[in-house]
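K.L.:
Build me a structure from this.
(2 chains)
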Amino acid sequence: DAGITQSPRYKITETGRQVTLMCHQTWSHSYMFWYRQDLGHGLRLIYYSAAADITDKGEVPDGYVVSRSKTENFPLTLESATRSQTSVYFCASSESDSRTDTQYFGPGTRLTVL
Amino acid sequence: EDQVTQSPEALRLQEGESSSLNCSYTVSGLRGLFWYRQDPGKGPEFLFTLYSAGEEKEKERLKATLTKKESFLHITAPKPEDSATYLCAVSSGGSYIPTFGRGTSLIVHP
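P.N.:
Presented below is the predicted three-dimensional model:
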């Protein structure tokens, strides 16, 4: 299917465990993003990537690690999950050419850390 | 630093009662202003991109307009299926990283 997909859609884990959230896009967009969305905070940028092997921190990067070895994939890893990382995580991508930088979002992953 | 403020935070309308959502922004050189719709449990869905003051775009019952300081999302004769959270975002200068507002939660009663 064309578009942007995330897996898993729901995940329950325990404090201290490592968790990886997957994101895959089929448009060959150069930019990819990870956000978390919490009540009272709106969307907050965790990390973004301008191209394969190029990543940079966003507003709330602590406790998260990303990689981008292929243009179409952008996994987000929580190295040692904490309760404060319970949230809904959205992946997005954009073309980011000189005219258009509209972001397109995946369906989200709801993560619960017990 | 770019700033985006959306108002009101929540809006309740009767079916057919037209209204507008506001997005005020402060940026250094606007690249684009984006409107998204987000349904509960889903990711934001792209609606419009506006690039310059005076620009307008329409889609069904929605019309987005842009001035140098704010954007409005006008909803004409809304239906219950228009109920959602509407997000506004801006990008500026050489950055491809948009700044999002907190959103307006719209409920349309039948």
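K.L.:
Buried residues in stretch B:74-87, which are they?
P.N.:
Judged by neighbour count using 16 or more other Cβ atoms under 10 Å in any protein chain shown, the buried positions of stretch B:74-87 are B:75, B:78, B:82-87. Where C-beta positions appear, they are placed from N, C-alpha and C, glycine not excepted.
K.L.:
farthest-separated two in those?
P.N.:
Within the buried residues of stretch B:74-87, two members stand farthest from each other by Cβ to Cβ: B:P78 and B:L87, at 17.3 Å.
K.L.:
For the residue in chain B that chain A sits nearest to, what are phi and psi?
P.N.:
When distances are taken as Cβ to the nearest Cβ, chain B reaches nearest to chain A at B:G43, 3.7 Å away. The phi and psi values for B:G43, taken as degrees, to the nearest 10, are phi -80, psi 160.
K.L.:
Surely B:A89 is in contact with B:G101?
P.N.:
Yes - the pair B:A89 and B:G101 qualifies as a contact (Cβ atoms under 8 Å) at a distance of 6.9 Å.
K.L.:
Overlap in contacts, these two.
P.N.:
Taking Cβ atoms under 8 Å, 6 or more residues apart in numbering or on different chains as the criterion, B:A89 and B:G101 both touch B:V4.
K.L.:
So between the two, which is more surrounded?
P.N.:
B:A89 (24 against 21; other Cβ atoms under 10 Å in any protein chain shown).
K.L.:
so how many other residues sit close to the nearest residue to the more buried one once chain neighbours are set aside?
P.N.:
What sits nearest to B:A89 in space, not counting adjacent residues and going by Cβ to Cβ, 6 or more residues apart in numbering or on different chains, is B:P98, at 4.0 Å. By other Cβ under 10 Å, 26 other residues sit near B:P98.
K.L.:
same check, this time on B:Y96
P.N.:
B:Y96 has 19 neighbours, counted by other Cβ under 10 Å.
K.L.:
try A:P61
P.N.:
What A:P61 shows, counting by other Cβ under 10 Å, is a neighbour count of 16.
K.L.:
need the contact list for it.
P.N.:
A:46-47.
K.L.:
so it, which of the three states?
P.N.:
For A:P61, the assignment made with DSSP: H, G, I helix; E, B strand; the rest coil gives coil.
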